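[1] Provided below for reference: sequence and predicted model.
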Amino acid sequence: LYKAVNSIEKLQPDEVLRGAVDVMRTLLHPNKFSLFLLEKGRLELSIADGWKPDNTFSKTFSPGHPLFTRIVGERKTLCIAREEDEPLLYGEGVLAGPLIDPGSGEVLGMLKIEELDFVELNITNLETFRVVSEWLATTYKNARKYEYIRSHSMASEKTQLFSYGFFIGHKNFFEELARRMDFQLSMILVRIENEEDLDEEIIHKVTG
């Protein structure tokens, strides 16, 4: 459990999502589960763990889908053991719930378990599912916030040069100034094509 928790307390959103797999396996022991993120007004699959090629689970849920309405619109946790929830989950899973940031109340996505051993479907694990959903939402939102702040800071932590967000702001300013003052403006872009093949020491020497 400690290792699983430690794996999710990261500052990068993609690392948080990868760590979610260990947390789910450790706490709830699902055979199959998925994590969806709310993107462009619909739920889109981000993680599918345990899925087989012949599985027909949906990879997106649009606003018109009943599952989207209950999870995102009404913020309900659904369990196939409840008579009223069974038709909504039929063919899609046994548990599903929203990823809600407790600080802002924003729905970030959906956590869904498609297959779970019968003995694991109990009141305790239902409450654990809710706690994990809230925990994932909080951690993921903090990681996204950190990523936004870092990308809009003046200097990049990696290169110690101006960050991309800072550069874009200045580029837009000088473009507008050139249009208003009617003078010519040019920009030269220098790229490292094989950055992934270089170690950090060489990258710092090149960019420094």
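    All right, it came through fine. Nothing here was measured: the structure is a model prediction, and the numbers come from that model.

[2] would you map the helices across the protein?
    Counting by DSSP state H, the chain has helices at residues 2-8, 13-27, 66-68, 86-89, 123-151, 164-181, 200-207.

[3] got those as a markdown table, with mean neighbour count columns?
    For the C-beta atoms, the positions are set from N, CA and C on the backbone; glycine is no exception. What follows is the helices of the chain, written out as a markdown table (neighbours: other CB atoms under 10 Å):
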| stretch | mean neighbour count |
| --- | --- |
| helix 2-8 | 14 |
| helix 13-27 | 18 |
| helix 66-68 | 17 |
| helix 86-89 | 16 |
| helix 123-151 | 16 |
| helix 164-181 | 12 |
| helix 200-207 | 11 |
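
[4] what would these look like in TSV with distance to residue 115 and mean pLDDT?
    Formatted as TSV, the helices of the chain follow (distance: least, CB to CB, whole Å; pLDDT from 0 to 100):
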stretch	distance to residue 115	mean pLDDT
helix 2-8	20	56
helix 13-27	12	81
helix 66-68	17	93
helix 86-89	12	90
helix 123-151	14	81
helix 164-181	42	78
helix 200-207	42	67
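
[5] turn those helices into CSV, including distance to residue 192.
    As requested, those are exported to CSV (distance: least, CB to CB, whole Å):
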stretch, distance to residue 192
helix 2-8, 30
helix 13-27, 22
helix 66-68, 42
helix 86-89, 49
helix 123-151, 19
helix 164-181, 14
helix 200-207, 6
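
[6] residue 34: which of those is closest?
    helix 13-27 (9.9 Å; CB to CB).
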